[in-house]
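Asks: Have a look; sequence and predicted model below, questions after that.
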Amino acid sequence: MKIINLSKIFAFAVFTAFSFSSCQDLDLHYEGGTLDDEQITDAVAALPERINSAVNGMYAILGQPDGYFKRGTSYRADDFGYPCVALGQDLNSGDMTNVVSDYDWFSVALEWSDRTPTYANPTIRLGLFYRVLYAAKDVLSVIPDDTDNAELKNKRGQAKALRAFSYLSLAPYFQFKYIGNEDKPSLPMMKDGIDPRNNPRAPLKELYESIIADLTDAIADLEGYNRPNKGIIDQQVAYGLRARAYLYMGEWAKSAEDADKALEGYSPYGIGELKTPGFNNASDHNWMWALLLPADLISSANYATIPSQLGSFSGDSYVAYAGIYRSINVLLWKKIPATDIRKNWWLDENKTSPYLDGLTWKDEAKNITYTGQEIATAAIADVKAPMDKYANVKFGQRAGVGSPYNYGDWCMMRAEEMLLIKAEATAKAGNLPAGKQILESFVKAYRNPAYTSTAGSIEDFENEVWLQRRVELWGEGFAMADVMRLGKNVVRYHPGEETNVPEPYRFNISSNDPWMLLRFVQGETTNNVGVVNNEGGTQPAQGDGAGLKDGVTD
Amino acid sequence: MRKLTFLLACLFLIGVGLVNAQSKSVSGKVISAEDGQPVIGASVMAKGTTIGTITGVDGDFTLALPNSTKTLVVSYVGMKPQEVEAKNNVSVVLETDSKLIDEVIVVAYGTTKRSQFVGSAKSITGDKIASISTSNVTNALQGAVAGVQVVNGSGQPGTGATIRVRGVGSINGGTSPLYIVDGSPYESSAMNLINSHDIESMSVLKDAAATAIYGARGANGVVLITTKSGTKDGKVNVNIESKWGNSTRGVPNYNVMTDPAMYYETAYKALYNSQIYNGMSSAGAYAYADNNFLTQSGVGYQIYTVPVGERLIGTNFKLNPKATLGYKDNDYYYTPDNWEKETLRTNNLRQEYNLSAQGGNKDSQYFVSAGYLDDPGLINGSGFERYTLRAKIDLQAKKWLKIGVSTSYANSNYQDPGYQSTWGSTGNVFSNSNLMAPIYPFYVRNTDGTLKKDKNGWQVYDAGTTTNFIRPGSAPRGNQAINLLLDDNSSITDNFSGNFFLTLTPVEGLSLTARVSPEASNNREKDLSNPFYGSISSQGSVSVEQTRVFTINQQYLANYKTSFADLHKIELLAGYETFSLKEEYLSAKNDHLFSPFIGELNNAFGTQPTSSNANSYSEHFATAGFLGRLQYDYSDRYFFNASIRHEGSSRFAPDNRWGTFGSVGAAWLISKESFMEGAATWLDELKYKISYGTQGNDQLRNYYAFRDLYSITYNSVTGEYNKVLSSKGNLDLTWESQKLFNTGVEFKIFNGLLSGGVEYFSRMNSDMLFNVPMPPSAGYASEPQNVGSVLNNGFEVELNSAIVDNKNINWTVYANITNINSKIQTLPDYTKATGGIKQSAYILKEGGSLNQAYMVEYAGVDKETGQALYYVDPDNGDRSTTPNYANAKQTDLGDVSVKFYGGFGTSLVAYGFDLGAQFAYQLGGQAYDGSYQELMHTGKQLGRNWSLDILDAWTPENTDTDVPRISSSDDHDQKNSSRFLVSSNYLSLNNLTLGYTLPAKLTRKFQVNKLRVYLAGDNLALFSARKGFDPRQSQNSFGTGVALSTSSGNFVYSQLKVISGGISISF
């Protein structure tokens, strides 16, 4: 009996020794590029400057490929932040077109089926800005209202300016123009204490009041602030944003005044600077605010980039590969005088542009180097199809023509826009001659030495400025905002005239067509009972709106 | 040290005591009545004592007995026991008794007899599994087990199947079962590393009584795999198995156009119609079609030669009769090829070799095996090659100590060219060859018609941009053929899994077991992209990924078994178990290869910044749980079982981490009751069982769903770090809880002529793990919450019949059917105001199912115009129609879930021949056929093939049709709608085997116990609603429980049809 007891003791001893050694820790963290609050707090405690990451994060949302849907390796190639929104808006307009292709992620904008509530493209175009708003709210929530700390005030200024920018980037598309529609619903606003599941659309007036208030605060907060780089909003950019806001509101004098303040120290690209594809470098002197997109930010989602979806020169892209060159509408192109340097931003009817001179593109497989104008017509297997007539060569490939690396900066605001705002707003504020003078001196000195403004009325002048905006800012995301704020028709073709708009996209839309308004996507209406959607109108079909004119391309 | 010596000495004394108790010796032989062969391992006991032995290799035994022993009891599993006089040279002939077979099944933390099991489980034997030609053992469950649905995704060798036990209980929570191999959890991703020939049995545990003791991780059912063990008969049995086969495409393409002329004519018509339907004159429409036909707005390629000055397509829309196939320009000759034929490899020798040996005696048993599998797949660059080694040793080291080690090593090379499951990808050769119009060349040809070679002597394939013609954007661009040859996508895995246990028996009835099971998996994946085709401008690229997963499971169990008065049997189990996982990942990529053939980073010299080109992370996950179980049997008639588990998971915040789960179950063996004695002549067994229990599910999103997570990026220009919210967490997140109820009867009548069971089950998931979608205006996409509930219920019927069972012929058939209904009981309150959670293809709403189709409803064709019509807003009573798709609202089209599924089959063994067939089916559901939708374009996607059904398109003469008009500018006619919902019913012939076993008398002469040759066919036929449509694949496009997606159809790597022959020898 004693023997059995001893073996029992031995057995239990071994067993319990094992058991006690195996207590399991259940407090575990992910270790990698995604951090939780505890890990961030630890990092900031050790390296206090890491606190800036929250402010920088607001800007990062605007430029991050795969930033909205976050699908990793199966990312959507139309998910690349603000530039993708800009491209979508411009392809809605009458200014930009391209061939029909199943490889075109933006065909929904060309065919105006982007009002379909289940589509992803309009989801990004709506939701992206609320991501910024949420991040801004986070930043603002930790800054005391009465702070005297200069650094905190700068951060607050940037957060408020970005909040205003976000609303301003949505406001023109969800309701018709400000004047006359002040009480109509605009957007759900991200206010403190709201229930996101029941957040109705604020009246347009309330939205714009908040935009102006935020920008006014930002201008005060950013007084004297020297930004470290052009990726950050400073006081002049805040003035520029308020100039945009006042322009949308029809507050002409204030708009002109703010544009003038924003412009201080900046001048447009000179004629001598416009010799080769570009618009991809924030260090250009006329750029006021930019998304800085170096290679390390984009390389994991190389197709969700501007060079892949807008430029014509990437060696690894959608546009060149599938031959869906973003092209200027020939109606608009024909309005550009031959003496205007901007005529070179697009290939002509013979598929040539002086912009191609001196460039080379090598077909590595066949070991053929295409130079100058040959680039336009060259076909390189697996890389590029021949370019179309009127294809843009405005946007260059920062890494070099034919390079597969699709990095490059995106312009958010530049001096030319401010000058055009100033010209339009000055005239509309009641001083047509002064407005004309501003416009003329800009275009003459920097774009077309032969230019004169012939407008005899505010209406004529509005169209003159609009033409300049459509040409100057082509591809930069202003086209539909202008159509909406000016109350214009979208005109893509004139029956019987030459057109480069493919049949399925060949239609015009009247300025008061309810289809003009973007819809709140299904994700919004299903999850936010407060939202009443825009209604009415139908998706246009080939040949619709045949007789419509826009006053510029007539 | 001193203690141990003392202990050993004591045990020696006990042994001596036992030896001294004997006095006489008898010997004899046991043979089987069926075949006259010796019965090995039969038990021979002195009646009324515990003295006994087992028979040896030749069925003989020798036993030392007390003088008082008069009678021996000889027994063997599946045979009628016999009592014989205890004398020398006794010969015992045992007869088979199917009535007495009481299957031992493997259950949680042990085994039990089927008759006394209160839960719901089904077991498949190893030889059934081994007879299927698959690289993943889970495929063997298809159609074989009631309640288990196997959804095959890709047919790529080495990929697994999705297993669903009794439906899908959750919206966002994980749905895969827990896999337990030899008592320890096993990563489901490594199921393809288990050699099917090493498996003794695979059991699926379905109800709470069976699974609740696994706590949180068993919520979706448990699959228990038991590997083979050694034997106790003192013999060594060696098995050699060789199998050779050939793989071909299992499911053919849709009925598509194969005649280039027909495609040309239809395409021309589409261009013409686009103008005529939009008001253009006939002359203008011809001019438009002529101008665009060979451009990117048309078909792009000229492949017919017509006499100079003549039309290619006449104004009667017919190809010029003088046209000859083939066209030549200054550089190339163009003629179409059959893309499918050129894409699929023809010579796919599948080889499988296995060698195993098992043996041992009553104190030590062992099993060793080695296997090799080469499963090459249908396309170049794809395949699966595997080496496996396994060894298992069980030692009764001491009377009170049992030790065992089981180890397995596997090495696999999984070659998987990317994108073969990706919808719409240029790289997917299955969708490309399915969708390519029959007018495009696969190869580039010189002007003399010979195939063009590049400067390296490689075939030049037509990528659509290679020649003077360009394929339009709607025809898939690219040609992956050369990439499949020159690229390398291989994933090499070394997997070691081991299992060490120690069982102490300090007192009679009590056993203490410690089981420690480490599993280590190292995977190295290499993707080489060649610099010649595809990624040309970056001069080739390479990406290398290394993943190391280490898991360790530890179990400490105490089991106590006792009985009173031979009536009450009690078994108690208590234990503690922990599981921890660590995954470490490292990857890097670079481009600019020096040598185009070497896929290593040191051969890549790109200079791009690498902060996003190199990645590494570590994941951690752990659980810990206390478990207990009580089993009580009364009089072998009443069985009672209760279990409990208290478990914590690192997936949840500390306050919400721990949960308690449990079950109660009972069974009543009615046939053993005295009042049933009258039925004993025909009723072998009748059992009623019932169980109820709770379980948890912790699988949501990632291991850290409760935390807010931020992604960090760095901007090298500004030198700043960016922090962006990447996913919103929820500290209140906790277990999804599940209530399971199961009841049913099991029966067996007429000596096994018919047996089976009927069960009713219900599965109520509440506090569902759910990524609650937020409106875009909230600023973040979703928040994980415990909300809502889903009820799954239904019944399972399983029938088996041994129709003929005699000495020469054994013929059995089986069939099973499962009915399942899922219903969402509750959802978050806010969904009531908005009518449910709406998605682009389905809606989640109270009262609906998890597969509630929600799409625009197709209303047929407008007889006047030929345009597609859609109902405007049926959910709100507006059933007027519109040709304008964007004006039609989505509507609730009802539950499209599969209502019934199951399988049936037969097995006939006669005079040495064996024939087996297995079928699987599902009924009552619908799926979305996206591939068919693509093939029914109206001409807007010229360059893409058409289904022959397009020939029935509306024309002014053919107005009575369901197919809208052909017109290349119509945008509304082929949109996502109910038009492409199709029945997901199918019947598949999964396996057909014919074998012949040579007579033992013959083979014995060569010292061979058994020699069998066979022919087998796997995946031989699929009958579905439409040729080309494989409903088994369409459900796989969603990883979550919700199956309906508009991007589905036959675009995934086809299932393999394997015809093989083999030989197995044991000696």
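Replies: That came through fine. Numbers count the residues shown, from 1 in each chain, chains lettered A, B, ... in the order given.
Asks: Could I get the phi/psi values of whichever residue of the stretch 301-450 of chain B sits closest to chain A?
Replies: Nearest residue of the stretch 301-450 of chain B to chain A, counting by CB to the nearest CB: B:Trp400, 5.8 Å away. The C-beta positions use only the backbone N, C-alpha and C, and glycine is treated the same way. Main-chain torsions, B:Trp400, degrees, to the nearest 10: phi -100, psi 10.
Asks: contacting residues for residue 82?
Replies: All of this is about chain A. By CB atoms under 8 Å, 6 or more residues apart in numbering or on different chains, A:Tyr82 lies in contact with A:Leu62, A:Gly63, A:Leu128, A:Ser169, A:Leu291, A:Trp410, A:Met412, A:Gly477.
Asks: I was after chain B.
Replies: B:Gln82 neighbours (CB under 8 Å, 6+ apart): B:Val73, B:Val74, B:Ser75, B:Val92, B:Val93, B:Leu94.
Asks: which ones among the contacts of A:Tyr82 are found in strands?
Replies: A:Leu291, A:Trp410, A:Met412 (DSSP state E).
Asks: Run a quick neighbour tally on the last one.
Replies: Counted by other CB atoms under 10 Å in any protein chain shown, the residues lying close to A:Met412 total 27.
Asks: what does the first one give?
Replies: When neighbours are counted by other CB under 10 Å, A:Leu291 registers 23.
Asks: And it, how far from chain B?
Replies: 10 Å (CB to the nearest CB, to the nearest Å).
Asks: Can you tell me what sits against stretch A:338-357?
Replies: By CB under 8 Å, 6+ apart, stretch A:338-357 touches A:271, A:274-277, A:327-328, A:333, A:336-337, A:372-373, A:375-377, A:386-394, A:443, A:447-451, A:471-472, A:474.
Asks: Pull out the buried members of those residues.
Replies: Among the contacts of stretch A:338-357, those buried by neighbour count (16 or more other CB atoms under 10 Å in any protein chain shown) are A:274, A:277, A:327-328, A:333, A:336, A:372-373, A:375-376, A:386-394, A:443, A:447-448, A:451, A:471-472, A:474.
Asks: Which ones, among these, also lie beside chain B?
Replies: Contacts with chain B within the buried ones among the contacts of stretch A:338-357, as defined by CB under 8 Å from any CB of the partner chain: A:Pro386.
Asks: Let me see the contact set for the nearest residue to B:Val90 once chain neighbours are set aside.
Replies: In this structure, B:Val90 finds its nearest non-sequential neighbour in B:Gly28, 3.7 Å apart by CB to CB, 6 or more residues apart in numbering or on different chains. Contact partners of B:Gly28, counting by CB under 8 Å, 6+ apart, are B:Val44, B:Asp60, B:Phe61, B:Leu72, B:Val84, B:Asn88, B:Asn89, B:Val90, B:Ser91, B:Val92.
Asks: Make sure B:Gly28 is indeed in a helix.
Replies: No - under DSSP: H, G, I helix; E, B strand; the rest coil, B:Gly28 sits outside any helix and is assigned strand.
Asks: Look at it and report its pLDDT.
Replies: We have a pLDDT of 85 for B:Gly28.
Asks: same deal with B:Glu685?
Replies: Value for B:Glu685, per-residue pLDDT: 90.
Asks: when you check the contacts of stretch A:338-357 against the helices, which ones overlap?
Replies: Within the contacts of stretch A:338-357, residues falling in helices by DSSP state H are A:Trp333, A:Ile375, A:Ala376, A:Thr377, A:Val443, A:Val471, A:Glu472.
Asks: what's the most distant pair in these?
Replies: The span of those, defined through CB to CB, is set by A:Thr377 and A:Val443 at 31.9 Å.
Asks: Flag every residue of the stretch 301-450 of chain B that's near chain A.
Replies: Residues of the stretch 301-450 of chain B lying near chain A (CB under 8 Å from any CB): B:Trp400, B:Thr422, B:Gly424.
Asks: Look up the residues forming beta bridges with the nearest residue to B:Pro518 once chain neighbours are set aside.
Replies: Excluding its sequence neighbours, the residue lying closest to B:Pro518 (CB to CB, 6+ apart) is B:Ile552, at 4.8 Å. In this entry, B:Ile552 is beta-bridged to B:Pro518, B:Ser580, by DSSP bridges.
Asks: got the contact list for B:Ile552?
Replies: B:Val516, B:Ser517, B:Pro518, B:Glu519, B:Phe579, B:Ser580.
Asks: re earlier: out of the residues of the stretch 301-450 of chain B next to chain A, which is most surrounded?
Replies: Neighbour max across those (other CB under 10 Å) = B:Trp400, 20 neighbours.
Asks: Please state the backbone phi and psi of the closest residue to A:Val139 other than its chain neighbours?
Replies: Distances taken as CB to CB, 6+ apart place A:Ala159 nearest to A:Val139, at 4.4 Å, with adjacent residues excluded. When quoted as degrees, to the nearest 10, the phi and psi of A:Ala159 stand at phi -60, psi -40.
Asks: just the CA coordinates of the helix or strand encompassing B:Val106, formatted as PDB?
Replies: In the assignment (DSSP states H and E), B:Val106 maps to strand B:104-107. Only the C-alpha atoms of strand B:104-107 are listed here, as PDB (Å, rounded to 0.1, in the frame of the first residue of the first chain):
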ATOM      1  CA  VAL B 104     -15.700   2.900 -31.500                       C
ATOM      2  CA  ILE B 105     -15.600   6.500 -32.400                       C
ATOM      3  CA  VAL B 106     -13.200   9.200 -31.600                       C
ATOM      4  CA  VAL B 107     -14.700  12.000 -29.700                       C
END
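Asks: Which residues does it contact?
Replies: B:111-114, B:117, B:119, B:121, B:123, B:201, B:203, B:205, B:210, B:224, B:226.
Asks: tell me which residues in that strand are buried?
Replies: So strand B:104-107, judged by 16+ other CB under 10 Å, has buried residues B:Ile105, B:Val106, B:Val107.
Asks: partners of whatever helix or strand comes next after that strand in the sheet?
Replies: Scanning forward in sequence from strand B:104-107 by DSSP H and E, the next helix or strand is strand B:110-113. Strand B:110-113 has its sheet partners listed here by DSSP bridges as strand B:104-107 (antiparallel).
Asks: Please enumerate the helices of chain B.
Replies: Using DSSP H, helices in chain B cover B:2-19, B:126-130, B:208-211, B:260-276, B:282-292, B:339-343, B:429-435, B:481-486, B:830-834, B:930-935, B:1000-1004, B:1031-1034.
Asks: Likewise for the stretch 1-150 of chain A?
Replies: For the stretch 1-150 of chain A, the helices defined by DSSP state H, counting those that start in this stretch occupy A:2-20, A:37-46, A:53-63, A:82-92, A:107-110, A:120-141, A:150-168.
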